[in-house]
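> task: produce atomic coordinates for the following.
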Amino acid sequence: MKLVTINPPELASPSGYAHGVSVEGAGKLLFLGGQVGWDARGQMESGFAAQFARALDNLLATVREAGGEATSIVQLRIYVLDRHEYASARKELGRMWRERFGRHYPAIALVQVAALLEEGALVEIEGMAVIA
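Down below sits the predicted model:
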């Protein structure tokens with residue numbers, strides 16, 4: 001399987017995401033259900049950045065269980081309660097991202113929502129992976 005990022009020159013240069021990701025070769029699709037910042041006991045992490053990191057770790061656990069790795073993730077949707085909180089944490093979130101994904105950036109959408117289902121959740125992340 002080969003992943004090719006698609007970033008047309010007529011679009012603004014992306015930072016921390018790709019405009020598109022093309023998957024070439026055989027593989028299976030893995031649809032990743034929304035993950036929030038809770039641990040295996042269902043305890044919610046405290047604070048936006050900690051919840052973001054835990055949600056990423058939860059997604060990666062699912063991908064690894066299916067036989068993939070961080071670079072298998074081709075698309076993510078990030079839902080936040082407060083886009084300003086996300087923006088103010090970007091430097092720390094970038095560090096957390098690089099620890100888990102290196103310089104791999106899937107296609108990503110960031111959406112501010114009025115509420116999330118899970119009590120105390122500040123962020124929820126879902127997506128799709130392609131497992132070779």
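> Ile125 is in contact with Leu56, isn't it?
Yes - contact criterion C-beta atoms under 8 Å: Ile125 and Leu56 qualify, at 6.7 Å. All C-beta atoms are positioned from the backbone trio N, CA, C, and that covers glycine.
> tell me how far the helix or strand where Leu3 lies is from the chain's mean position?
Using DSSP states H and E, Leu3 sits in strand 2-6. Counting by C-alpha atoms, centre = their mean, to the nearest Å, strand 2-6 is centred 17 Å from the centre of its parent chain.
> which neighbouring elements make contact with the helix or strand that comes right after it?
Going down the chain from strand 2-6, the next helix or strand is strand 20-24, by DSSP H and E. The contact analysis (3 or more C-beta pairs under 8 Å, 6 or more residues apart in numbering; DSSP states H and E) places strand 20-24 against strand 2-6, strand 73-80.
> please consider this matter closed, and thank you.
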